[in-house]
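> model this:
(chains A and B, ligands or ions: 2)
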Amino acid sequence: MSLERLLEALLVRSGPHALEHLRLVSLALGCALAIAFPLGVLFTRERFRSLGLKAMALLNTGQAIPPLAVIAIFLPFWGLGFRPAVTALVLYSLLPIARNTMAGLGGVPSEVKEAARGMGLNGWDVFWQVELPLSVPVIMSGVKTSAVLTVGTATLAALVGGGGMGRVIFAGIDMFWPEFIIAGTMVIGVIAIVFDRLLSLLEIFLVPSHLR
Amino acid sequence: MIKLERLSKIFPEAERPAVEELSLEVDQGDICVFVGPSGCGKTTVLKMINRLIEPTAGNIFIEEENIAGTDPVLLRRKIGYVIQQIGLFPHRTVFENIALVPRLLHWSHQAIEERVQVLLNLIGLDPQEVYYKYPGQLSGGEMQRIGVARALAADPPIMLMDEPFGAVDPIIRHHLQEEFLRIQQEMKKTIIFVTHDINEAVKMGDRIAIMNQGRLVQYGEPADILARPGSRFVAEILGDDRTMKLLELVRVETLMTPLDKCSEKQSGGFQDAELQAGRESVQNGYSWLETQKPLKAALEIMMRNNLDQVAVCREDNVVGILGWKDITSYISNLERGGRL
Ligand SMILES: Nc1ncnc2c1ncn2[C@@H]1O[C@H](COP(=O)(O)OP(=O)(O)OP(=O)(O)O)[C@@H](O)[C@H]1O
Ligand SMILES: [Mg+2]
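Residues are numbered from 1 along each chain as shown, chains lettered A, B, ... in the order given. Ligands and ions are numbered 1, 2, ... in the order given. Here you go, the predicted structure:
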């Protein structure tokens, strides 16, 4: 263990990789949200409810596949790089968001929805004015879970040439430099905390004040 | 006018129809009260009227228009709906809950504010106190009253009220019933009202519809149903004091013998001079009550004072006499099928 090397890892090597890591995670999370949220909404609509249950079962099973396998599976098709890494991360972070979107929307009391419809709100208004505000807390907690999960999983992106903090950690493993492993882990921890805090801030804006 | 025509609803996978071949008409400005045991289909009927549920068979007409051909959203905005489970929006304040439909209809902000104040006063809640509260900060009874106010907000010509006073205590319930009947005199809305409380049904209803297992078993004016229940089932629902309930419905003025038609014998001890002198003299030895009081009150006075007749007063003047016999013959006449 040398303090010098630890500082080098933290201050010199981590910087660009941390940015890469942030980019990986933000992009993956953004895409996952853009896919999982509409899916969650769709699967809670009356017409698609049964489909939703099946999709959920599929996604749950998908979550059991080790992240390494998910990351590696695109290798034969897309080779190495940033894009396959992000794609794998997106797949991996879909589930918590989709599941919480469905749970949140499904948890809106049916009498509240019925009252809203009975008063003459159309489907659009019922969704935006009643269902969504009431389920935002649950959906946001899904997004947070997904974010923290993805920050961790993104370490593996380095294995397929996707960059990120994995580079620092795997360098440490290759060279038998525990300082690099520790430094990488610390930075990843910090990134996870930053994401969590940022999303909590977002939550304050989104969640109706009374429900917090 | 609301007209239900051989209305049926069979839910998927249900053993028996929730509503079966139900036909009835509710006149413009009337309150029709649905009574019946739990699960007999009352809520289902209401929800078919605002198209939250589509009937399996049959038709519903509102003002001669078959609602199957209307836009459900526009239809619902003309129909105030008090849902059985209250269903207030937990993320909205009391004000926002009540203001919902007026906002949808683009009322001006000022008009909405005024309307909410009026409604809160009407349901006996202090606007100052509840305005900015959230439903979670209210009691069940208060929430239920907000639900009623919300349904009344945009002054819809038709109201569907599913046990609207079920969660409030008897005193407030009584107040709300009175208040509601009072404003109904002006509003003249066409109302379908569901309740489990037969007393409430008798009090509120211009008509009562008694349901059992999805079927309409009797439909008529409260007095008619009380006097002549069509089956054991109906008699059971009415309870074993249905004659007393009947006596609560009729005012003494409808049955009294007006003073000028009283024979000497009938007016008995009421000397002309004394009668003209007003209720002071009546109080000295005779019992009296006002024209607006129910027959039950007359009966109460007679029994307590061991009399067989009472004087009926309007504004301090005796205007008629009501005897025990008048009441009993009225009842037996009704039970034989006569009318008032
Ligand atoms: N959405 C539904 N799907 C299947 N069955 C239903 C549904 N809604 C109601 N039912 C059934 O239809 C019947 C009538 O229900 P409804 O809610 O109209 O009763 P109700 O008279 O309002 O009872 P209560 O006085 O308890 O409110 C019941 O047997 C109920 O189980
Ligand atoms: Mg019901």
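> find the closest residue to chain B in chain A.
When scored by CB to the nearest CB, chain A has residue A:115 as its residue closest to chain B, at 3.1 Å. Every C-beta, even on glycine, is put in place using the N, C-alpha and C of the backbone.
> for the closest residue to that residue other than its chain neighbours, helix, strand, or coil?
In space, and not counting its chain neighbours, residue A:115 is closest to residue B:87: 3.1 Å by CB to CB, 6 or more residues apart in numbering or on different chains. Three-state assignment for residue B:87 (DSSP: H, G, I helix; E, B strand; the rest coil): coil.
> picking that back up, for the residue of chain A closest to chain B, what are its contacts?
Residues in contact with residue A:115, defined by CB atoms under 8 Å, 6 or more residues apart in numbering or on different chains, are B:81, B:83, B:86-89, B:147.
> just the buried members of the residues you listed?
Using 16 or more other CB atoms under 10 Å in any protein chain shown as the burial test, the contacts of residue A:115 include B:81, B:83, B:86-89, B:147 as buried.
> any regions of the stretch 151-300 of chain B where pLDDT drops low?
Applying pLDDT under 70 to the stretch 151-300 of chain B flags residues B:263-286.
> tally up the residues packed near whichever residue of it sits closest to ligand 2, please.
Ligand 2 sits closest to residue B:162 of the stretch 151-300 of chain B, with a gap of 5.8 Å, by CB to the ion. When neighbours are defined as other CB atoms under 10 Å in any protein chain shown, residue B:162 has 24 of them.
> who touches the nearest residue to it once chain neighbours are set aside in this structure?
Nearest residue to residue B:162, sequence neighbours excluded (CB to CB, 6+ apart): residue B:84, at 4.0 Å. Going by CB under 8 Å, 6+ apart, residue B:84 touches A:111, B:43, B:162-163, B:166, B:194.
> over to residue A:148?
Residue A:148 touches A:192, A:195-196, counting by CB under 8 Å, 6+ apart.
> could I get the full set of strands for chain B?
B:2-9, B:19-26, B:31-35, B:57-62, B:65-66, B:79-82, B:158-162, B:190-195, B:207-212, B:215-220, B:257-258, B:288-290, B:309-314, B:317-323 (DSSP state E).
> any idea how far stretch B:128-137 is from the chain center?
Relative to the chain's own centre, stretch B:128-137 is displaced by 28 Å; criterion: CA atoms, centre = their mean, to the nearest Å.
> so which bits of it are buried?
Buried residues in stretch B:128-137 (16+ other CB under 10 Å): B:130-131, B:133-135.
> in CSV: the residues you listed, plus distance to residue B:295 and pLDDT.
Compiled in CSV, the buried residues of stretch B:128-137 are given as follows (distance: CB to CB, whole Å; pLDDT from 0 to 100):
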residue, distance to residue B:295, pLDDT
B:130, 40, 88
B:131, 43, 87
B:133, 44, 91
B:134, 47, 92
B:135, 42, 92
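> would you list these in a markdown table and tack on distance to residue B:199?
Formatted as a markdown table, the entries for those read as follows, by distance: CB to CB, whole Å:
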| residue | distance to residue B:199 |
| --- | --- |
| B:130 | 28 |
| B:131 | 33 |
| B:133 | 31 |
| B:134 | 33 |
| B:135 | 29 |
